[in-house]
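In: sequence-free structure coming up:
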């Protein structure tokens, strides 16, 4: 059917018979956002009689609010923020927000969902190997400065001082020792024989023994590390966790690898430490919002010492499949009136039928 | 003392007292070439009364011939070729060429050295961890296409098809199972759980068991591999070892990682396989000579699918120190009239006093 450009831009607003969605039975629709979603894995939902609505990315809050109308479950695989306002607008029908990944706190207002009795789930563990492998790759890249060597077809070392050191003589400090942090530690120990220490809210004594690494308080860890790796969930507690107090202790030439959410590192503190060359290289997967003045200055003044990718560490076929399967299972569980092991926030709550 | 520009360009031609070197005792001088050499590690030679001559890189054949006059040992750490003509010109004094690294056959005419009774040594094993770590980093980079993601500050995946696969479901074929090849295999198995198979002139049955990997003939390995890693010495036997017969069997989308000498991969065969997209990405550390027409065409037509660095895989502080210490020890051994365990070519020959 011919729609105007404006309407086709945000697809899924008409059903097969071209009736506006508002006119249909509202509790059979599932909203799926994000790219890289294998539609085949949503078949289980369709087989149970659900319609799947997949609008084009990237959604503004207004577009999200619009897409959420009449939706019973929302599989969040995009970069949009499920705000209180958006969730509130859908409260008549919405029972479940299944977040694809672990960093849900950045993308879903969990407190609002709790208030609205919407259950939020995540997919812990599914991207463990992807994110850990990506992070170890970036550790090698930064430590050997591989990304600065690309395109040099002929040897390009000019003095003895410029030679990097092997991982086996480097101190790698890991901030956060969850499923991903511990997998990174394991890779660094078993394959590369790096010296590893860590900080975690709760010390993990069994890992200290099995991986031969020690616990340190965060500022001490920053001082000890040649390479400081940040791998904690992004939430209110961890925002700006890597601040002046931490980076002020960093030794000159430190490499900072942040494959957690950018907000975990305070951009103003990072700027100061890069200016002082305490942090010499900074690697980010995903970056501060486009409106962050500090972020713009970082790239302007230290761009050649910053290596940024667009939140892609978890984006492998296998991780996406595992996350998607897990999220679909959570939706089926919860819409079927059962508890779900991956519920977060006001966990274990079964949505009202 | 004021010298003309031409003479100061190739330093070391005058001794401390400004006498031309030809006038001095000729058998106390050691030529050291290359960048990144830690002069402190040459002290053992100086303590034994040797003069160390360190000209600026990069040497032409003519410059090398000039520098070699009156030299008793030549520590080769540069990118120059020690040709028959250059070695022959120094035969009156030259006893030892100590090559810094393992790929000596590309840089030293060993047959000529044998004819001239000049002992050639190399430093096997010293750069094992550096080269293996660099190679594993490049495997991760190419497999996850990290280098194509740099500079994308915001998520940049456009369809499900574009997602890379985790190493744990990838077939990695390793060509060459020496000290470095086996270290790469170990890293891939213990840290990343990749499927590994290999080709080697001599099958390594004990490694097949300990690392759970299988032997394949080279064309079969090319067909089996998602990622084909080349790690063999560069010499007459291995030149163009990766040819049409091998690459013709590669599956569509293959990633080729060559951290061996570029000449091991036939550039014309590579061009054909990249054109057919059998080889989708090619990673080289060091590239074909500037006069190679095939190499120019490769970069011109497939530059965005080629990731080239300038022969830097072995360039870590620790590897250089180990190589340098080993080379210095070989020089001391041989000039002292002893055999050396790292002699190659007409091995175990003790130079005439």
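Out: Perfect, I can see it now. Source: prediction; values computed, not measured.

In: Where does the prediction get shaky in chain A?
Out: Scanning chain A for pLDDT under 70 picks out A:1-26, A:155-161, A:346-353.

In: And the closest residue to residue A:198 other than its chain neighbours, how far from residue B:285?
Out: Leaving aside its sequence neighbours, residue A:198 sits nearest to residue A:174 (CB to CB, 6 or more residues apart in numbering or on different chains; 4.4 Å). Quick note: C-beta positions are derived from backbone N, CA and C, even for glycine. Plainly put, residue A:174 is 29 Å away from residue B:285 if you go by CB to CB, to the nearest Å.

In: give the contact list for the residue nearest the centre of chain A.
Out: Centroid-nearest residue in chain A, with CA atoms, centre = their mean: residue A:103, separated by 4.7 Å. Contacts of residue A:103 were listed using CB atoms under 8 Å, 6 or more residues apart in numbering or on different chains, and they are A:233, A:234, A:260, A:261.

In: can I see the domain layout of chain A?
Out: A:5-124+A:317-344, A:128-309 (automatic domain parsing).

In: ok now the longest one, how far from the chain's centre?
Out: Which is domain A:128-309. Computed by CA atoms, centre = their mean, to the nearest Å, the chain-centroid distance of domain A:128-309 equals 16 Å.

In: again, but for stretch A:99-107
Out: Distance of stretch A:99-107 from its chain centroid, counting by CA atoms, centre = their mean, is 7 Å.

In: do the same with stretch A:334-342
Out: Distance of stretch A:334-342 from its chain centroid, counting by CA atoms, centre = their mean, is 24 Å.

In: hmm, back to that, go through the contacts of residue A:103 and name the one nearest chain B.
Out: residue A:261 (13.0 Å; CB to the nearest CB).

In: Surely the closest one and residue A:234 touch.
Out: Yes: look at residue A:261 against residue A:234 with CB atoms under 8 Å: they come within range, at 3.0 Å.

In: And residue A:338, how close does it get to residue A:27?
Out: From residue A:338 across to residue A:27, the span is 17 Å (CB to CB).

In: Looking only at neighbour counts, state which of these two leads.
Out: Ranked by neighbour count (other CB atoms under 10 Å in any protein chain shown), residue A:338 and residue A:27 place residue A:27 first, with 15 against 11.

In: residues contacting that one?
Out: Contacts of residue A:27 by CB under 8 Å, 6+ apart are A:70, A:72, A:93.

In: A helix includes it, no?
Out: Yes: assessed with DSSP: H, G, I helix; E, B strand; the rest coil, residue A:27 lies in a helix.

In: Please, where are all the strands along the stretch 51-200 of chain A?
Out: Ranges of strands in the stretch 51-200 of chain A, per DSSP state E, counting those that start in this stretch, are A:51-53, A:71-76, A:96-99, A:119-121, A:171-175, A:195-199.

In: what's the closest of those to residue A:229?
Out: The closest of the strands of the stretch 51-200 of chain A to residue A:229 is strand A:171-175. By CB to CB, the value is 4.8 Å.

In: Contacts made by stretch A:329-338 with the rest, please.
Out: Residues contacting stretch A:329-338 (CB under 8 Å, 6+ apart): A:30, A:44-45, A:48, A:72-73, A:75, A:95-96, A:98, A:119, A:121, A:123, A:339-340, A:342-343, A:350-351, A:353.

In: Specify the beta-bridge partners of the residue nearest to residue A:198.
Out: Beta-bridge partners recorded for residue A:174 (DSSP bridges): residue A:198, residue A:229.

In: Relative to chain B, how far out is it?
Out: To chain B, residue A:174 is 15 Å away according to CB to the nearest CB, to the nearest Å.

In: Quick check, that residue in contact with residue A:224.
Out: No: checked against CB under 8 Å, the pair residue A:174 and residue A:224 is beyond contact range at 11.5 Å.

In: Give me the common contacts of these two.
Out: Counting by CB under 8 Å, 6+ apart, the residues touching both residue A:174 and residue A:224 are residue A:197.

In: Now do the same contact list for residue A:176.
Out: Going by CB under 8 Å, 6+ apart, residue A:176 touches A:198, A:199, A:200, A:230, A:231, A:232, A:233, A:260.

In: What is the most widely separated pair among the residues you listed?
Out: Of all pairs drawn from the contacts of residue A:176, the greatest distance, 15.4 Å, lies between A:198 and A:233 (CB to CB).

In: So which of those two has more stuff around it?
Out: More crowded of residue A:198 and residue A:233, by other CB under 10 Å: residue A:198, with 26 against 19.

In: And the more buried one, how close does it get to residue A:261?
Out: For residue A:198, the distance to residue A:261 equals 19 Å [CB to CB].

In: now residue A:308
Out: Here the criterion is CB to CB. By it, residue A:308 lies 13 Å from residue A:261.

In: still on that earlier bit, quick check: chain neighbours aside, which residue is closest to the residue nearest to the centre of chain A?
Out: The nearest residue in space to residue A:103 (CB to CB, 6+ apart) is residue A:234, at 4.9 Å.

In: which SS class is the one you found?
Out: The three-state label given to residue A:234 by three-state DSSP is coil.

In: how many neighbours does it have?
Out: Neighbours of residue A:234 (other CB under 10 Å): 20.

In: List the residues that contact it.
Out: Counting by CB under 8 Å, 6+ apart, residue A:234 touches A:103, A:105, A:106, A:260, A:261, A:263, A:264.

In: cool, residue A:255 as well?
Out: Going by CB under 8 Å, 6+ apart, residue A:255 touches A:139, A:142, A:143, A:226, A:227, A:228, A:279, A:280, A:281, A:282, A:283.

In: now the residues you listed in CSV, with neighbour count and distance to chain B?
Out: Formatted as CSV, the contacts of residue A:255 follow (neighbours: other CB atoms under 10 Å in any protein chain shown; distance: CB to the nearest CB, whole Å):
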residue, neighbour count, distance to chain B
A:139, 27, 9
A:142, 23, 10
A:143, 24, 8
A:226, 19, 12
A:227, 23, 13
A:228, 29, 19
A:279, 28, 18
A:280, 18, 16
A:281, 22, 13
A:282, 22, 13
A:283, 24, 10
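
In: Helices - which of the residues you listed land there?
Out: A:139, A:142, A:143 (DSSP state H).

In: what does stretch A:36-43 rub up against?
Out: Around stretch A:36-43, the neighbours that count as contacts under CB under 8 Å, 6+ apart are A:30, A:32, A:52, A:54, A:77, A:315, A:320-321, A:324-325, A:328, B:157, B:159-160, B:162-163.

In: can you rerun that using 10 Å?
Out: A:30, A:32, A:46, A:50, A:52, A:54, A:57, A:75, A:77-78, A:100, A:312, A:315-317, A:319-321, A:323-325, A:327-328, A:331, B:155, B:157-163 (CB atoms under 10 Å, 6 or more residues apart in numbering or on different chains).

In: Using neighbour counts, trim those to the buried set.
Out: For the contacts of stretch A:36-43, a burial check counting by 16 or more other CB atoms under 10 Å in any protein chain shown picks out A:30, A:32, A:50, A:52, A:54, A:57, A:75, A:77-78, A:100, A:312, A:315-317, A:319-320, A:323-324, A:327-328, A:331, B:155, B:157, B:163.

In: residues in the stretch 151-300 of chain A within reach of chain B, list them.
Out: Neighbours of chain B within the stretch 151-300 of chain A, by CB under 10 Å from any CB of the partner chain: A:151-169, A:183, A:186-194, A:262, A:283-290, A:295, A:299.

In: Please see if stretch A:306-321 touches chain B.
Out: Yes: under the criterion of CB under 10 Å from any CB, chain B is reached by stretch A:306-321 at A:306-313, A:315-321.

In: Among these, which pair sits farthest apart?
Out: With CB to CB as the measure, no two of those lie farther apart than A:306 and A:321, at 31.8 Å.

In: now do the same end-to-end measure for stretch A:228-241.
Out: Start-to-end span of stretch A:228-241 (CA to CA, to the nearest Å) is 13 Å.

In: coming back round to it: can you tell me which of the buried ones among the contacts of stretch A:36-43 end up in helices?
Out: Within the buried ones among the contacts of stretch A:36-43, residues falling in helices by DSSP H are A:317, A:319, A:320, A:323, A:324, A:327, A:328, A:331.
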